[in-house]
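Asks: Okay, sequence plus prediction incoming.
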Amino acid sequence: MFEKIYNSAIFGLFEKLYKLIVLNMLFVLTFIIGLGIFGYMISLIILVLGIKSLIDDKEYSIVKTWIIKVKQHYVKALKLSLFFTIIGGLMTFNTIFFYLAIEENPTVIYQTAYYIFLIVDVFLILGTINAAFVFVYFPNLDIKKILKYSFKLLQIIPLQGLLLLTALGLTVLWIYVFPIILVFIWFSTVIYVFALSINKKYSAIVADGVKSLSMIEY
C-alpha cells in the first residue's frame, strides 16, 4: 500500500514541489548571506545545479550538498559576480543618466541613447542568468568563455529568453502584490521551467568527454 502511494503521480508531484521550495529558500538565504553582490551568482549557480539534478532525477541531501557546492564553486562564481556587477552598474548609471536628461531636455539623441541602454540592461540581465547555466552545463570553460557564451547562446534560445523575460516582469509584480511567494517557490519555479525548455539544446552541444556539473558529484 505504502509503495503504491510512494510511486503515485500525486506523491511525485508533492515531492518535487517540496524540493523546489527547499531549493528556493536556500537560494534566498545564500543571496542574503552573500549580501547580494557577493552572493547572487553563487546562489543562482547552485540553484541551477540543483534544478538540473532534479530534472535528471538525482537523489541527494539538498541542504548538505548545497553547502558543499557553495564552498566548491564560490571563488569562480565570485569572479563572474564582480564582472556582471561592475558592467551592470555602469549600464544602469547610463540608463538613469539619459532618463534624467530626457526629463530636462527630451531630444532625439537622449531618447535614442536611453532606449539603447535599456535594451542593453535587459540583455545583460538575461546574460547574467544564462551564465549560471553555462557554468553548470559547460564546466570546462574558463571565466572569459563563460562570459562569451552566456550572451552568445541566447541566440539559440530566443523564445526561452522571452519566457524568462516575462518571468522577470512577473517577479517585479510579485514584489508589490504577493512578495512571500518569492521567498518560498518563485525563483526555483522560474529556473525549473527555463531549465526544462533549454535542457536538450544545451546538453546536445556539450563537448565530447565533458560532463555537466551534478549535485551528486563532489
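Replies: Right, received. Where do you want to start?

Asks: after the biggest helix by length in the chain, next one along is what?
Replies: Looking across the chain with DSSP state H, the single longest helix is helix 62-104. Sequence-wise, the next helix or strand downstream of helix 62-104 (DSSP states H and E) is helix 108-137.

Asks: And that following helix, what's buried?
Replies: Neighbour-count burial for helix 108-137 flags 110, 113-114, 117, 120, 124-137 (criterion: 16 or more other C-beta atoms under 10 Å). In short, each C-beta sits where N, CA and C put it, glycine included.

Asks: quick check: mean pLDDT across the longest helix of the chain?
Replies: On average, the pLDDT along helix 62-104 is 91.

Asks: so Ile32 makes contact with Gly39?
Replies: Yes: Ile32 is within contact range of Gly39, at 7.2 Å (criterion: C-beta atoms under 8 Å).

Asks: So these two - more neighbours on which side?
Replies: More neighbours surround Gly39 than the other of Ile32 and Gly39, with 21 against 11 (other C-beta atoms under 10 Å).

Asks: Nearest residue to that one in space, ignoring adjacent ones along the chain?
Replies: Spatial nearest neighbour of Gly39, excluding adjacent residues (C-beta to C-beta, 6 or more residues apart in numbering): Phe31 at 4.9 Å.

Asks: Does anything pack onto the helix or strand containing that neighbour? Which helices or strands?
Replies: In this structure, Phe31 is located in helix 9-33 according to DSSP H and E. Under the contact definition 3 or more C-beta pairs under 8 Å, 6 or more residues apart in numbering; DSSP states H and E, helix 9-33 sits against helix 40-55, helix 62-104, helix 187-204.

Asks: ok now do Ile175, which residues does it touch?
Replies: If a contact means C-beta atoms under 8 Å, 6 or more residues apart in numbering, then Ile175 has Leu182 as its contacts.

Asks: so how far is Val134 from it?
Replies: Remark: distance between Ile175 and Val134 (C-beta to C-beta, to the nearest Å) = 27 Å.

Asks: same question, Ile198
Replies: According to C-beta to C-beta, Ile198 stands 11 Å off from Val134.

Asks: quick one on the thing from earlier: which of the helices and strands packed on helix 9-33 is buried the deepest?
Replies: helix 40-55 (a mean of 25; mean count of other C-beta atoms under 10 Å).
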